[in-house]
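Enquirer: Let's see this in three dimensions:
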Amino acid sequence: MRTAPAMAAVLVVGCAGAQRSKEGLAVPFGPAGLTDQAVRPLRHALLVGIDEFQDARFQPLYHATADARAMGEALTDFEDVRVLDTPAQTTRSAILAELAALERRVRTARDTVVLYFSTHGSLGQEPGGELKRVLVASDTLMDLPLETGISVDALARKADAFPSRRNLLVLATCHSGRGKSQLPDELARALAAHKGQAPPLLEVSEAVIVLTAASFGETAREDDALGHDVYTWFLLRALDEGDRDGDGAVTATEAHDYARENTYAHTGGQQRPTSESSVLGRDPIVLRGWPVRVGRPVVYSYAPSSEGVAVQVNGVHKGTLPGGIALQPGSYRLRLATARDGRVLYEGNVDVHAGEYVDLSRLVPRAMQFAAQIGVGALIPLSSSARQVLPTMPLALARASVRHFQRDWLRFELEAALMTGSGEDVTIPATRAPFRVSGANLSLGAGAEASLPAGFSVATGLGLGTLFLSRDYQGVYSGHQSLRATTGTLYVEGGWSPTDRLRFDTRLTTMAILGNLASSNGPHLALMPVVQSTFSF
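Expert: So this is what the prediction gives:
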């Protein structure tokens, strides 16, 4: 496992049809100066454009090779640029071989890698599986896209595995079944039932940034007058005009935002670039220039909760999220409202400073997230008074929690822990009376959570509840007791989330039992180590 996850960005350019149809100042890197040339960070680009396909069912494209060549000519600051645009260079095996060779050329974590593909898109589906995005190579067969094409999931994993931490994957393609995307009838029907939601990119680092230049299912456009597809045309222009904060460098995010706004305007709103994930702080992927000065402050958001939110600064409309807006340093009156009905989500004053990046998603109220948790563990008596009447007992628990994303560090919980075990009551004179006990602890709690890199997190919290116990004696002394006591809990927890919906936790809870257990006076202390899984919805 690498100590630092790769930073990979995915820009999905949609599909062609119709007309042919910065937290603080963190400088990513600068000129080498006196730095040892052997470790100077390099910028690499592998650019693929495919117009002709061996399977005649894939119609020829008109500007894909021109797109790739133009990108190669535009990346003037890159030391290593390779363009694949002939039939022999763009077979599946040839592309995979070039990717492997590129990985060997990447030397340091500070290197930058751009992978650009302009070709047809398709979808693949394993029996009973989800739809998966596929890039069409020159020798891909329409009936076997997964087997003969290049999976976008696999490509994103490849980018994540590079030694570099600054990797940009640009996909000038789409998967809608139109324009630069063609599907067999069976997959076209599966897509029609998919209701326009993009198949998720799986098994990639949390550092992956997914930016889409057209909503999934839309048709992007090649434009003969431009000689490119529309998004790529504006992406190229962004390298000259897209330095939003004026620091001397054009980052991938700045270029995408410039192309997104202009693509939307050029197509009359028919192509709606969107963001599939969040960009946190300053984008380290520099496509043109160097950050040679402190840039203007930027307010931004790419979070799903910010989609369609209009931004007003001092009463002037500045744009609609997702995206970023550069300002001069100073104090501003900020207003965030839904573009559809004008409902105000936030209004207040913000102070911004040179080089600062302010995430607006933290100001936008977000929907509550619910989670269901199951776990197994044990209740271990700690105090001598508790050990007299309680054995160490295995337990199973179920927990429901809710988190309001406006305060995404705060969560509330309702927990039921079920336990059972057997022991001996040493408080009964002249005998060690065996017993069996079962019970439940019902509690309400609140906690705070802090996120760490690579999907890890830590949390702590308090709870208040009621413990119900039923104890049955066996042997010489027989009888039944029903016990109830108030409980207070303090927990610490470590968690890991491999996906947005799934989480694994280990929680250590100290329980104080306030009250008497049989003839043993409280308070009593117990420990509850628990391993659990969480499913969010």
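Enquirer: isn't L226 right next to L235, touching?
Expert: No - applying Cβ atoms under 8 Å, one finds L226 not in contact with L235, separated by 11.7 Å. (C-beta placed from N, C-alpha, C; glycine too.)
Enquirer: Show me which of these two is the more surrounded one.
Expert: Using other Cβ atoms under 10 Å as the criterion, L226 and L235 rank with L235 on top: 31 against 17.
Enquirer: Could you find the closest non-adjacent residue to that one?
Expert: Distance criterion Cβ to Cβ, 6 or more residues apart in numbering; nearest residue to L235, sequence neighbours excluded, is A259 at 4.4 Å.
Enquirer: any idea which element that neighbour lies in?
Expert: helix 252-266 (DSSP states H and E).
Enquirer: Tell me the helices and strands packed up against that helix.
Expert: Applying 3 or more Cβ pairs under 8 Å, 6 or more residues apart in numbering; DSSP states H and E, we find helix 252-266 packed against strand 8-12, strand 209-212, helix 230-241, strand 286-289, strand 323-326.
Enquirer: Tell me which residues are up against the fourth one.
Expert: By Cβ atoms under 8 Å, 6 or more residues apart in numbering, the surrounding residues in contact with strand 286-289 are 28-29, 43, 74-77, 112, 114, 166, 168, 239-240, 243, 248-252, 255.
Enquirer: So which of those residues are in strands?
Expert: Among the contacts of strand 286-289, the residues falling in strands (DSSP state E) are R43, T112, V114, R166, L168, A249, V250, T251.
Enquirer: Show me where the stretch 51-200 of the chain has its strands.
Expert: For the stretch 51-200 of the chain, the strands defined by DSSP state E, counting those that start in this stretch cover 80-84, 112-118, 121-125, 131-135, 150-151, 166-172.
Enquirer: one step back: rank the helices and strands packed on helix 252-266 by mean pLDDT and give me the bottom one.
Expert: The weakest mean pLDDT among the helices and strands packed on helix 252-266 belongs to strand 8-12, with a mean of 50.
Enquirer: residues contacting V106?
Expert: V106 makes contact with L42, H44, V113, F162, P163, S164, according to Cβ under 8 Å, 6+ apart.
Enquirer: let's go with 7 Å and repeat that
Expert: Contacts of V106 were listed using Cβ atoms under 7 Å, 6 or more residues apart in numbering, and they are H44, V113, F162, P163, S164.
Enquirer: quick one: pLDDT of the second one?
Expert: Translated: V113. V113 is given a pLDDT of 92.
Enquirer: same thing with the first one?
Expert: Per-residue pLDDT puts H44 at 96.
Enquirer: Tell me how far it lies from L483.
Expert: To L483, H44 is 69 Å away according to Cβ to Cβ, to the nearest Å.
Enquirer: got it, and the second one?
Expert: V113 is 64 Å from L483, where distance means Cβ to Cβ.
Enquirer: quick one: which of these two has more around it?
Expert: V113 (27 against 18).
Enquirer: Could you list the domains of the protein?
Expert: As given by automatic domain parsing, the domain ranges for the chain are 8-19+41-293, 294-364, 368-536.
Enquirer: just for the stretch 401-537 of the chain, where's the confidence low?
Expert: Scanning the stretch 401-537 of the chain for pLDDT under 70 picks out 404-408, 425-432, 475-477, 500, 517-522, 537.
Enquirer: hmm, 90 instead?
Expert: 401-412, 421-437, 449-457, 469-485, 496-504, 513-528, 530, 532-537 (pLDDT under 90).
Enquirer: can you pull out the strands in the stretch 301-450 of the chain?
Expert: Remark: strands assigned in the stretch 301-450 of the chain by DSSP E, counting those that start in this stretch are 309-313, 316-320, 323-326, 330-338, 344-352, 357-359, 368-381, 393-404, 410-425, 433-451.
Enquirer: thinking again about what came up before, can you redo the ones in strands among the contacts of strand 286-289 as TSV, where the extra columns are neighbour count?
Expert: Shown next, in TSV, are the ones in strands among the contacts of strand 286-289 (neighbours: other Cβ atoms under 10 Å):
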residue	neighbour count
R43	20
T112	27
V114	23
R166	26
L168	27
A249	24
V250	25
T251	29
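Enquirer: quick check, nearest of these to T466?
Expert: Taking Cβ to Cβ as the measure, T466 lies nearest R166 of the ones in strands among the contacts of strand 286-289, at 53.7 Å.
Enquirer: Isn't the closest one up against A252?
Expert: No - using Cβ atoms under 7 Å, R166 is not in contact with A252, being 8.8 Å away.
Enquirer: anything in contact with each of these two?
Expert: With Cβ under 7 Å, 6+ apart, R166 and A252 have common neighbours I285.
Enquirer: before we move on, the earlier item: R387: which of the strands of the stretch 301-450 of the chain is closest?
Expert: That would be strand 368-381 among those, by Cβ to Cβ, at 4.4 Å.
Enquirer: can you state the direction angle for that closest one and strand 393-404?
Expert: 160 degrees (axes from the mean of the first three to the mean of the last three Cα atoms, to 10 degrees).
Enquirer: Counting neighbours, show which residues of strand 368-381 come out buried.
Expert: A371, Q373, G375, G377, L379, I380, P381 (16 or more other Cβ atoms under 10 Å).
Enquirer: need the contact list for the closest residue to the fifth one other than its chain neighbours.
Expert: Which is L379. Nearest residue to L379 in three dimensions, chain neighbours excluded: M393, at 4.8 Å (Cβ to Cβ, 6+ apart). Contact analysis of M393 by Cβ under 7 Å, 6+ apart lists A378, L379, M419, T420, G421.
Enquirer: Then D139?
Expert: By Cβ under 7 Å, 6+ apart, D139 lies in contact with Q54, T91, R92, T148.
Enquirer: That one and F117, how far apart?
Expert: 15 Å.
Enquirer: Many thanks, have a good one.
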